[in-house]
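In: Please work out how this folds:
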Amino acid sequence: MNTAYLFVFLMSFITLFVMRKVAKKVGLVDKPNARKHHKGVVPLVGGISIYLALLAGFTLFLPMSLNLQLYLGCSAILIVLGALDDFFDVSFKIRLAVQAGISLAMIWVGGHSLHHLGFLMGSDTIVLNEVAGAVITVIAVIGAINAFNMVDGIDGLLGGLASVTFTALGIVFYISGNEYLSTICLLIVTALIPYILLNLGFPLGRRFKIFMGDAGSMFIGFSVIWMLIRGTQEVDIIAFKPDREHLHHICERMGLSSLMTLFVICLLASICAAVGIVADLNGVAESTMFVTFLIMFVVYFTAISHIWRITTWVKKSINHQVNQTKVYK
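Out: Got it, this is the predicted structure:
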């Protein structure tokens, strides 16, 4: 299997360099504007390149099955949709319709759906009927596909969070004995590494910078929910609009550099992933984890809602401490 990881790593690097040239020729690039502060045009083919590397790696090194073919086929549709969106800014209604179709293909062709929700309310598992399971699955898939697009705001963040997510999933799958899904997750991480390096400007500088694009963010979101449903089962739908109030924007406006923002958010994601893995290994009840998640969400939402009051108070406290220190000196 070591050969597979090496192949995917090298193939990802090669496709990134090939596709960035193609992107510049056809105009699939991101240009600076009021919301995007990068310099020059940047190719939007990170996701396309990663998918092509994984397509080659999976085909050569993994046993081909209906499930894998379905995953690769659905992913290809999302890659095309994302590329078209980067080109023409496709209507969110069309995007949701295609994403809903992908969800139904998962359910009807692959038989993958959320039919039980575990022990969230105590000792009895929550079992869903066929209709409820299908509805929740469609919502979950669409939500996951779009979730990663929301964090693609600073260099390295999308790739970093995706790497943390797939590494955590790979560890959990390996511990539970599902080496097949574990291998897929870790191969995805391997394919992400070259993209992260180029996205951050290493080792060749910002001249070779590349962005993930909507194709990549949708592909990653779909891959996450696919692995979660496969691993655990065998939100209102809204139009997401770009703004400057995401967590990474808040961190930057608080004075953190892009690299420090990347470090802080990925560190928080790593801590959450580690807590989840440790809790799973120690048999912590799913109901307890669910309640903990709800508490964390409420705290996070409350903090974000009052973030500027909190940061103002923190800055005043720091300044007060600095002034007090100067007085004592």
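
In: Just list the residues touching the residue nearest to residue 100 when sequence neighbours are not counted, thanks.
Out: Once flanking residues are discounted, residue 100 sits nearest to residue 138: 5.7 Å by CB to CB, 6 or more residues apart in numbering. Where C-beta positions appear, they are placed from N, C-alpha and C, glycine not excepted. By CB atoms under 8 Å, 6 or more residues apart in numbering, the contact list for residue 138 reads 100, 103-104, 107.

In: roughly how far apart are residue 138 and residue 97?
Out: 11 Å (CB to CB, to the nearest Å).

In: circling back to that earlier point, in the contacts of residue 138, which has the lowest confidence score?
Out: In terms of pLDDT, residue 107 ranks lowest among the contacts of residue 138, with 88.

In: quick one: residue 270 and residue 164 touch, right?
Out: Yes: taking contacts as CB atoms under 8 Å, residue 270 lies within contact range of residue 164: 5.3 Å.

In: Which of these two has more residues huddled nearby?
Out: Using other CB atoms under 10 Å, the more surrounded residue of residue 270 and residue 164 is residue 164, with 21 against 16.

In: element containing the spatially closest residue to the more buried one that is not a sequence neighbour, please.
Out: Nearest residue to residue 164 in three dimensions, chain neighbours excluded: residue 269, at 4.7 Å (CB to CB, 6+ apart). Element membership for residue 269 (DSSP states H and E) is helix 258-281.

In: pLDDT (mean, whole number) over that helix?
Out: On average, helix 258-281 scores 78.

In: How about stretch 179-186?
Out: pLDDT averaged over stretch 179-186 gives 93.

In: Sort out which residues of it are buried, please.
Out: 181-186 (16 or more other CB atoms under 10 Å).

In: any idea of the pLDDT on residue 128?
Out: 74.

In: for residue 291, same thing?
Out: pLDDT, residue 291: 61.

In: how close does the residue nearest to residue 100 get to residue 69?
Out: In terms of CB to CB, residue 138 sits 21 Å off from residue 69.

In: returning to what we had before: in what helix or strand does the residue nearest to residue 100 lie?
Out: Residue-wise, residue 138 maps onto helix 130-150 under DSSP H and E.

In: Over to residue 102?
Out: helix 92-108.

In: And the contacts of that helix?
Out: By CB under 8 Å, 6+ apart, helix 92-108 touches 70, 73-74, 77-78, 81, 85, 112-113, 134, 137-138, 141-142, 145-146, 218, 222, 226, 229, 237, 239-240.

In: and the residues you listed, which are buried?
Out: The buried subset of these (16+ other CB under 10 Å) comprises 70, 74, 77-78, 81, 85, 112-113, 134, 137-138, 141-142, 145-146, 218, 222, 226, 229.

In: how about the helices in the protein?
Out: 2-26, 46-61, 66-88, 92-108, 130-150, 157-175, 179-200, 213-233, 247-253, 258-281, 286-305, 307-328 (DSSP state H).

In: Quick one: the ones you listed as a markdown table, columns for distance to residue 206 too.
Out: Shown next, in a markdown table, are these (distance: least, CB to CB, whole Å):
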| stretch | distance to residue 206 |
| --- | --- |
| helix 2-26 | 13 |
| helix 46-61 | 15 |
| helix 66-88 | 20 |
| helix 92-108 | 30 |
| helix 130-150 | 23 |
| helix 157-175 | 16 |
| helix 179-200 | 9 |
| helix 213-233 | 18 |
| helix 247-253 | 18 |
| helix 258-281 | 12 |
| helix 286-305 | 31 |
| helix 307-328 | 30 |
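
In: on that earlier part again, looking at the contacts of residue 138, state which has the most neighbours.
Out: residue 103 leads these on contacts (other CB under 10 Å) with 25 neighbours.

In: any idea how far that one lies from residue 135?
Out: 10 Å.
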